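J.: sequence first, predicted coordinates after that:
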Amino acid sequence: MDFKKLLWDLFYDTGKPLSQFYAWAHNLWMQTGLPGFILDVFFQLVIAVVIAVFIALNAIWIIYYERKFAALLQIRKGPNRVGPFGLFQTVADTVKMLLKEDINPDKSDILTFWAAPFIIFAASFGVFLVIPFGNGLIAGDVNIGMLYVLAISGLAVIGILSAGFGSNSKYSLIGGLRSAAQVISYEIPMVLTVLAVVMLAGSLKMSDIVAAQTGNPLKWYFIPQIVGLVLFLIAGNAEINRGPFDLPEAESELVSGFITEYSGMKFAMFFLAEYTNLFLTSALAATLFLGGWQGPFLPPVVWFMLKTYFIVTILMWARWTFPRIRVDHLMAFSWKILLPIALLNLLITAFLIKVI
Amino acid sequence: MIKYVSEIIKGIISLMQGLGVTLKHAFRKPITLQYPDVKADLPVRVRGRLVMPIDPEKNDNRCTACNLCVKACPNLSIRTEKVVEDGKAKPKAAKYNYNLATCMFCNLCVEACPFGAIIMSEEYELAVRDKSELMIDLVAEKYVLKGKKEKYFLTKYKEE
Amino acid sequence: MNNYSNIPLQASNNGADEYILNMGPQHPSTHGVLRLVLKLEGETVKDIVPDLGYVHRGLEKLFENRAYGQIIPYLDRTDYLSAMNNEWAYVMAVEKLMAIEVPQRAEFMRVIFAELNRIMSHLLWYSAYGMDVGALTPLLYAFREREEIIDMVEAACGGRLTHNYYRIGGFRQDLPKGFFDMLKKFISHFNDKVDEYEALLINNVIFMKRAQGVGVLKKETAINYGVTGPNLRASGADIDLRKQDAYGVYGRLDFKACLRDNGDTWDRCKARMAEMRESLKILKQCMDMIPEGEVMAKVPKIIKPAAGEVYTRVEGPKGEVGVYIVSDGTEKPYRIKLRQPSFSNLSVIKEITIGHKIADLVAIMGSLDVIIPEIDR
């Protein structure tokens, strides 16, 4: 086999060698005469483990990145003690988290209290299924990709609510309820902006949306959908409870909102989910508006990561600059400003598609 | 409608201004002092903990146990004992017990001292593991001042 | 069963969705150890009772057992963000009691340090307020400038927070060498920094929406509750003791009281930002006008004022700092009463927060700029 060709394919057309490998393994498996689904389950497990490892490593990096970026904006130095340039700070923090006592508040609802971090984490974990990291590098290219993303990420609110309810703390409860209201209201402008993109691409399938934008940066959707991009970033930032929309946590008001009573590894799960969600929102924005993994010269995965981290940086920049929005302004902002603009955007897009 | 749009635009402008301020700061140098590695250059008047330095001319401290500092201290942090020879008290401190736990670094004792025997040093890292270590006998300590503070002490608190 | 007897509020049981929320003493935005008991309906504040006394140290009783000179360091520990203003009020009272004339240079130095302390206090308010409303970056920016001032003050008196610099009759030491260079450098760039602060937080649309029309303190209410300082001036009352009493050399300086009209949270913030600029103007003038000479008046070694009473007040960064001394002719005061602004400034909170949200409560609390050791003493 041509080794050079394989290497090229691995970097620039990752889907091809992977599917070749799968076909080869499948053939081998079929010769043993065992049922085929066992192999599929095995492969899915492998993919899940790969994603889990990616999430963990990515979270370690993204937390470090956020702390460094915040330090940059705040004219300080950020973590620089553990390891070179403080790179292992997050690892040290994680170890600390693991060693912490796992506290269950008195009279807490054990089931919901325990389920919450797992639901939240599962919701962000599930979305990875349809994120196209590169050319063909997508865990499951389902044909309702975008719908799936919206449905699964909407599950997180159940986790937040059950965290707020299960903690037996008024602060947590207020945080949980705030979050429910917030996530539901911001889902609507988000769906509408996504809809405009879907209309342009003509498909809900992630790989189709990427393919429709082609390798030419001028055809990426951030040009016709610049308003949509801004709306998507605002709504997405609100969805993941960060930046100026961190009302469910709202440190100065609700101590820590729905994570007030959590400690140890359960707290770490919330933390992990928060940063994974940040990555996911940015990845979606990159996929929907910035042409996904497409770009010249560099391998698709690198392009995808660059674009995603570009969006991550913008979201962080907003987070470390703005004060927190009040809860009723948050609602008003969603329903009175974002929704009309999103609708208008959708209408104009639909009109233009019909005309051109 | 016009009001609605203009308000949105005004809002966006103000948000951009905020982003501009943080962006500007991203290119400024960090102001962090890497504390345990790098220490700030302290002015000569800084008030750390109380010490009774050795006067190099006398090769001993200047204290006469006159108790003026004891009277000046608002918190009763200082206790002195005079040297007793042949049943007679001498103008010299045998013990100068300084309680770091109750000291509030007000400098009143230093101002009260007519001989310039005591001074507040540059030491500010004063945490200890055991409470008993907070009780310090300054006479027995035989502290030697260094740097700026030494000059300050030798010239009886004159700055050049 | 838990003992709830110390909760001063009761949620009504007649079907309304009311509940009691205990905010503090350990809470990120109560600025120390203030406890607020809230009656909430949803997120709306229905009733509020502040519970004080968590850092009560009995300072006023302590004073009765201290010589007059020994009291000054304790005053640093009431409003620790502007220690020199407290010192000034006290020192002025004793000087008035003993009829001591303070040298001119010392008077100017007092103004300089009082204004530096005012800027320091407002900067800390700004940074803490940023945290209250959820913006984390203002803290670092404001502390950068605050650090500069602290370095100046440290060079002069050796202390960073508890200054203990003013003395009965003047000052402990003259200004250090190079102080005016530092001051000049600070003055030259601070105005731009204030512009940055305003652009970053105060004029931000998110913040303006949160602050405008929230927590409106009417002029009459403010006066009735004894609110003083920037909080009162934001409500439109032209009361600035630096103007009215013209103590020290304030009469010779040109500055204006920073008035606002509406008395809402935003106006209180704006008033403080404007005050920083005014303080800068005062500093500039002082730097030009300060004469050479002694910094300490002739004061007897043992301070023993004649029997009598005296009340003096200065305009602190948070409001009127008053000291009332009753002397019985001995070395120790018979009674000292401190009148400090935060107590009356906090007392108004019930008037202006009911009907607002929890988030507003935090914003209003922050805009009142209370400091707990000053309330409890």
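T.: Arrived safely.
J.: near chain B, which residues of the stretch 151-300 of chain C show up?
T.: Counting by CB under 8 Å from any CB of the partner chain, the residues of the stretch 151-300 of chain C close to chain B are C:151, C:154-159, C:162, C:164, C:172-173, C:176-177, C:196, C:199-201, C:203-206, C:208. No exception for glycine: its C-beta is placed from N, CA and C like everyone else's.
J.: in three-state terms, label A:Lys266 for me.
T.: Assigned by DSSP: H, G, I helix; E, B strand; the rest coil, the conformation of A:Lys266 is helix.
J.: so what's B:Cys113 closest to, chain neighbours aside?
T.: Among residues not flanking B:Cys113 along the chain, B:Cys69 sits closest, at 5.5 Å (CB to CB, 6 or more residues apart in numbering or on different chains).
J.: which residues are in contact with the helix or strand harbouring the one you found?
T.: Remark: B:Cys69 resides in helix B:68-72, with elements defined by DSSP states H and E. Where contact means CB atoms under 8 Å, 6 or more residues apart in numbering or on different chains, the residues beyond helix B:68-72 that reach it are B:76, B:78-80, B:108-114, B:118, C:69-70.
J.: for stretch A:92-111, same thing?
T.: Applying CB under 8 Å, 6+ apart, the set of residues contacting stretch A:92-111 from outside is A:60, A:63, A:82, A:113, A:165-169, A:261-268, A:271.
J.: from the chain's centre, how far out does it sit?
T.: Distance, stretch centre to chain centre, for stretch A:92-111: 25 Å (CA atoms, centre = their mean, to the nearest Å).
J.: show the end-to-end separation of it, please.
T.: The first residue of stretch A:92-111 is 30 Å away from its last residue (CA to CA, to the nearest Å).
J.: average pLDDT for it?
T.: Stretch A:92-111 shows a mean pLDDT of 84.
J.: would you mark the buried spots in that stretch?
T.: Under the neighbour-count criterion of 16 or more other CB atoms under 10 Å in any protein chain shown, stretch A:92-111 has A:Asp93, A:Thr94, A:Met97, A:Asn104, A:Pro105, A:Ser108 buried.
J.: show me which residues of chain A are close to chain C?
T.: With CB under 8 Å from any CB as the criterion, chain A meets chain C at residues A:70, A:73-76, A:170-171, A:174, A:178, A:244, A:246-247, A:250-255, A:320-329.
J.: redo that, cut-off 7 Å
T.: By the rule CB under 7 Å from any CB of the partner chain, the part of chain A lying against chain C is A:73-76, A:170, A:174, A:244, A:246, A:250-253, A:255, A:320-329.
J.: re earlier: list the helices and strands whichever helix or strand comes after the helix holding B:Cys69 packs on?
T.: Using DSSP H and E, the helix or strand that directly follows helix B:68-72 along the chain is strand B:78-85. Using 3 or more CB pairs under 7 Å, 6 or more residues apart in numbering or on different chains; DSSP states H and E as the contact definition, the elements that strand B:78-85 packs against are helix B:68-72, strand B:88-99.
J.: report the contact partners of C:Asn191.
T.: Taking CB atoms under 7 Å, 6 or more residues apart in numbering or on different chains as the contact definition, C:Asn191 lies against C:Arg277, C:Leu280.
J.: quick one on the thing from earlier: between the helices and strands packed on strand B:78-85, which gets the lowest average pLDDT?
T.: Ranked by mean pLDDT, the helices and strands packed on strand B:78-85 end with strand B:88-99 at the bottom, a mean of 82.
J.: mind giving me the packing neighbours of the next helix or strand after that one?
T.: For strand B:88-99, the succeeding helix or strand toward the C-terminus, using DSSP H and E, is helix B:108-112. Using 3+ CB pairs under 7 Å, 6+ apart as the contact definition, the elements that helix B:108-112 packs against are helix B:68-72.
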